[in-house]
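Engineer: Give me coordinates for this.
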Amino acid sequence: MAKKKVMPRLKVKARIATKIMERDLKAKAQMLIENPELIIPDCAEDCGSCPFKKTSARIERIVKYKDDPMKLAKFARHGDKLARAYAATIALVHEEKTPYLGSATYPGGTATYALRGKTPKEKLIGVQNFDSPKWRVLSVLDLVTKKGLHFYSFGDEFVCTGRYSRPPLGYVKVAAESVGATKLDGNTYMCPHNPGSSNHVEFNWVSAGKKILLCDLCNGKLKNTLSKLAEGMAVPNVLSEFEISVERPLKPVGDAKSCEDLLNAPIDKDLLDKYASGQLGNRELTDQHMRATLEILRKKDRRVYVKGDRCFGDDMEAFVGEIASDDVERKALLGLLEKVNTPVILESGASVNDLLSEFWSDHGKDALKALVPEETAEKLYRDDAESLKSPLKIIREAVRSAEHEAVSSNIPSYTCLSQYGEFADSVARAFKTGGNSAAVAVLDGDRSNDHRTRSIAQGFYLALGVTTKSWKFTDEEKEYGKHLQQFAKRLLDSTTTDEHHEAFERLMREAGCSDEIKRA
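Structural biologist: Just a heads-up that it's a prediction; the model follows:
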């Protein structure tokens, strides 16, 4: 048998009623004297033996003594509990002294009531707040627990459907609208944002034959949607009324198939129990359920790729093409994912870094090997907190290092160079390993007063397209530099070791250097 659930109770606090509260209580008490049936639910089903027949008979007797405070006080101490609460409440019209109020806090809020008689506080709260749909159901909680009855309170309606779960359509409509599901399509109430095609939570109200759909945005505005839907209900087990599911519809990309329900899994019973009791709110339920679902998925031996609400099936290339912003990211992801045989699920706002971080410890080295030589990958791979935080930084550093090594390997090494040779060699190396800015930095750093060195420097400036440094040179140096420009350009543009060597020798000869150039 399913465990019965009742609204949890917390501490009661007492205080003196304000004049407004006092007048309100006495006005309600007078209304109950004139219309005692206001606290008795309407019967929507034949229960065989209605528990309210005895209560109604008792109340009829109490009404006869409505003007006798002493008699009412006795009625408030003995007999039917609901009738006791009625007697205690109508006795308030005779009191001149301001009554003490109790307050009790529930998931639906805090209720106040006048402390009177030997009566359970739920009975007093329900009777004294008979005009509140969510509070009047407290007066019948004991019948829910003991007899398995079902009650629905909405507007001016207070209905008992006996042992059958048959919520009135009026209650269903009011409850759905109270959570923002204001649009009715067939048997489905939904929020205005077309939730069926996006991430949403579904409440299948089994006994009512209706569904309530809320998109994540609307559901996130509420603390606990189930509590709100059940605010005017008193039933043995609220979870037997609803089938709750977190829906994550996926749109297949290309030839991807069988993706639609990949992220849709039943919610764990323990999570549902905590949600129904108010221990979890909407956000906690959704987050914890999705974490559990993804953990299960990631243990499956199946290649499937998801980004946000798009499913790429087993098409790794299409998935990577969707998220990679350049060739480095593309190759790194392909190298890493080639070794991953489980589903890869990315949130819509997740980055390439997030994906690399998830698998870095196990497959980060494979991502590096897809871009750089194995020796470089082994040397630069790290699996520490900093690397896990930004693996893409490690990858780009490795690419730069490998490129530097590749370029450097095509630059000949020389021995016994003159000061002119060393200067030209340093500029060429800086350019080929670090680009224009690196070469210009070397040129700007030279402080030589030597005429030939300065002419070579001007030649390199012009070869690099830098024309704003002419003021540094004499007319003769500028003229000589103009002559050396084409030879410096040929050196900078050389791609092979032999081309570099030939261009370097020619530049040195044109610069008037007669010393022998020896390769190491």
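
Engineer: So Asp314 lies in a strand, does it not?
Structural biologist: No. Counting by DSSP: H, G, I helix; E, B strand; the rest coil, Asp314 is not part of a strand but coil.

Engineer: Next up, identify which helix or strand the residue nearest the centre of the chain is on.
Structural biologist: What sits nearest the mean C-alpha location of the chain, by CA atoms, centre = their mean, is Asp287, with 6.7 Å. Using DSSP states H and E, the element containing Asp287 is helix 282-297.

Engineer: List the neighbours of that helix that are in contact with it.
Structural biologist: For helix 282-297, the surrounding residues in contact (CB atoms under 8 Å, 6 or more residues apart in numbering) are 201, 216, 219-220, 222-225, 246, 248, 262-263, 265, 267-268, 271, 274-275, 280, 342-343, 345. Placement of C-beta: from N, CA and C, glycine included.

Engineer: same check, this time on stretch 414-432
Structural biologist: 407-408, 410-411, 438-439, 441-443, 446, 448, 450, 452-453, 456-457, 460, 464, 488, 491-492, 500, 504, 507-508, 511, 513, 515-520.

Engineer: Domain map for this protein?
Structural biologist: 12-160, 169-297, 305-408, 412-519 (automatic domain parsing).

Engineer: Relative to Gly281, how far out is the residue nearest to the centre of the chain?
Structural biologist: According to CB to CB, to the nearest Å, Asp287 and Gly281 sit 10 Å apart.

Engineer: what's the answer for Asp156, then?
Structural biologist: As judged by CB to CB, Asp156 and Gly281 stand 31 Å apart.

Engineer: Those two: which is more packed in?
Structural biologist: Set Asp156 next to Gly281 and count neighbours by other CB atoms under 10 Å: Gly281 wins out with 18 against 8.

Engineer: What are the neighbouring residues in contact with that one?
Structural biologist: By CB under 8 Å, 6+ apart, the residues touching Gly281 are Lys223, Asn224, Tyr275.

Engineer: Same question for Leu214.
Structural biologist: Applying CB under 8 Å, 6+ apart to Leu214 gives the contacts Val179, Gly180, Ala181, Met190, Cys191, Pro195, His200, Val201, Phe203, Leu222, Thr225.

Engineer: How many residues are close by Asp24?
Structural biologist: 15.

Engineer: so it, which of the three states?
Structural biologist: Assigned by three-state DSSP, the conformation of Asp24 is helix.

Engineer: Do you know the pLDDT at it?
Structural biologist: At Asp24, the model reports a pLDDT of 89.

Engineer: repeat for Glu375
Structural biologist: pLDDT, read off for Glu375, is 89.

Engineer: what's next to stretch 26-39, contact-wise?
Structural biologist: Residues from elsewhere that reach stretch 26-39, judged by CB under 8 Å, 6+ apart: 56, 59-60, 62-63, 66, 82, 86, 89-93, 126-128, 130-131, 136, 139.

Engineer: redo that, cut-off 7 Å
Structural biologist: By CB atoms under 7 Å, 6 or more residues apart in numbering, the residues outside stretch 26-39 that reach it are 59, 63, 66, 82, 86, 89-90, 92-93, 127-128, 130, 139.

Engineer: Just the CA coordinates for it, please, in CSV.
Structural biologist: What follows is stretch 26-39, C-alpha atoms only, in CSV (Å, rounded to 0.1, in the frame of the first residue of the first chain):
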residue,chain,number,x,y,z
LYS,A,26,-16.4,37.7,14.8
ALA,A,27,-17.9,38.4,11.4
LYS,A,28,-17.0,34.9,10.2
ALA,A,29,-18.4,33.4,13.4
GLN,A,30,-21.7,35.2,12.8
MET,A,31,-21.8,33.9,9.2
LEU,A,32,-21.3,30.4,10.5
ILE,A,33,-24.2,30.8,13.0
GLU,A,34,-26.5,31.8,10.1
ASN,A,35,-25.0,29.2,7.6
PRO,A,36,-23.4,26.3,9.5
GLU,A,37,-23.4,24.3,6.3
LEU,A,38,-20.5,26.4,5.0
ILE,A,39,-18.0,24.1,6.7
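
Engineer: tell me which residues of that stretch are tucked away?
Structural biologist: Along stretch 26-39, these residues count as buried under the neighbour rule (16 or more other CB atoms under 10 Å): Lys26, Lys28, Ala29, Leu32, Ile33, Pro36, Leu38, Ile39.

Engineer: which of those lies closest to Met316?
Structural biologist: Nearest to Met316 among the buried residues of stretch 26-39 is Ile39, at 66.5 Å by CB to CB.

Engineer: Against Asp270, how distant is that closest one?
Structural biologist: Relative to Asp270, and taking CB to CB, Ile39 is found at 37 Å.

Engineer: Likewise for Gly126?
Structural biologist: Counting by CB to CB - Gly126 and Asp270 are separated by 31 Å.

Engineer: More neighbours: which of those two?
Structural biologist: Gly126 (26 against 9).

Engineer: what sits against that one?
Structural biologist: Residues near Gly126 by CB under 7 Å, 6+ apart: Trp135, Arg136, Val137, Leu138, Ser139.

Engineer: Show me the shaky parts of the stretch 251-400 of the chain.
Structural biologist: Where the stretch 251-400 of the chain drops to pLDDT under 70, the residues are 258.

Engineer: just the helices in it please.
Structural biologist: Under the criterion DSSP state H, counting those that start in this stretch, the stretch 251-400 of the chain contains helices at 269-276, 282-297, 316-323, 327-337, 352-369, 374-380, 385-389, 391-409.

Engineer: could you dump those to a markdown table with distance to His78?
Structural biologist: Formatted as a markdown table, those follow (distance: least, CB to CB, whole Å):
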| stretch | distance to His78 |
| --- | --- |
| helix 269-276 | 36 |
| helix 282-297 | 45 |
| helix 316-323 | 74 |
| helix 327-337 | 76 |
| helix 352-369 | 68 |
| helix 374-380 | 85 |
| helix 385-389 | 70 |
| helix 391-409 | 75 |
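
Engineer: Just the buried residues from the contacts of helix 282-297, in PyMOL please.
Structural biologist: Selecting only the buried members of these in PyMOL, with burial defined as 16+ other CB under 10 Å, works like this:
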select buried, resi 201+216+219+222+224+225+246+248+262+263+265+267+271+274+275+280+343+345
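
Engineer: Any figure for the gap between Glu34 and Asp131?
Structural biologist: Distance of Glu34 to Asp131, computed by CB to CB: 14 Å.

Engineer: residues in contact with the closest residue to Leu333 other than its chain neighbours?
Structural biologist: The shortest distance from Leu333 to any non-neighbouring residue, by CB to CB, 6 or more residues apart in numbering, is to Val320 (4.6 Å). By CB under 7 Å, 6+ apart, Val320 lies in contact with Arg330, Leu333, Leu334, Leu337.

Engineer: By neighbour count, which of these wins?
Structural biologist: Across those, neighbour numbers were computed from other CB under 10 Å; Leu333 holds the maximum, 24 neighbours.

Engineer: buried residues in stretch 221-236?
Structural biologist: Across stretch 221-236, burial judged by 16+ other CB under 10 Å covers 222, 224-236.
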